[in-house]
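>>> predicted model and sequence below, questions to follow.
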Amino acid sequence: MFALSQPDRVVLQAPERLVSEHRLDFRRDALERLSKAAADGARRITIDLRETREVDASGLGVLVLVQKRARESFLATCLTHTPPSVRHLLHLTQLEALFEFED
């Protein structure tokens, strides 16, 4: 995962597989970058899903956790380059409303 800083946002690259066995690394890195972004005055965190091909329930849990922590720090959470399969999963689980989307 890489993190790219822009003046008002931090962009995180999600892994190809956001599943149980990969979630802890992404979670740790995302929350670390989120804390730094909030301290640096960022207004949003963007999670780039362009390379993500598989998401399971634990992966969704990480996305929701990052969104919750971002909201607590007054940051918006945006998902970008969201594959149709991931967007459909967010819709089915009624989690779509938690995020902003950019493509």
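Thanks, I have the structure now. Numbers count the residues shown, from 1 in each chain.

>>> report the contact partners of His81.
Shown in contact with His81 (C-beta atoms under 8 Å, 6 or more residues apart in numbering): Asp48, Leu49, Arg50, Glu102, Asp103. From N, CA and C alone the C-beta is placed, and that goes for glycine too.

>>> for Val10, give the beta-bridge partners.
Taking DSSP bridges as the rule, Val10 bridges to Ser5, Ile45.

>>> neighbour-wise, which of the contacts of His81 leads?
Each of those was scored by neighbours using other C-beta atoms under 10 Å; the highest score is Leu49's, at 23 neighbours.

>>> that one contacts Cys78, doesn't it?
No - in this structure, Leu49 is not within contact of Cys78 by C-beta atoms under 8 Å, at 10.6 Å.

>>> quick check on the nearest residue to Ala30 once chain neighbours are set aside: phi, psi?
Spatial nearest neighbour of Ala30, excluding adjacent residues (C-beta to C-beta, 6 or more residues apart in numbering): Val66 at 4.9 Å. Phi and psi for Val66, reported as degrees, to the nearest 10, are phi -60, psi -40.
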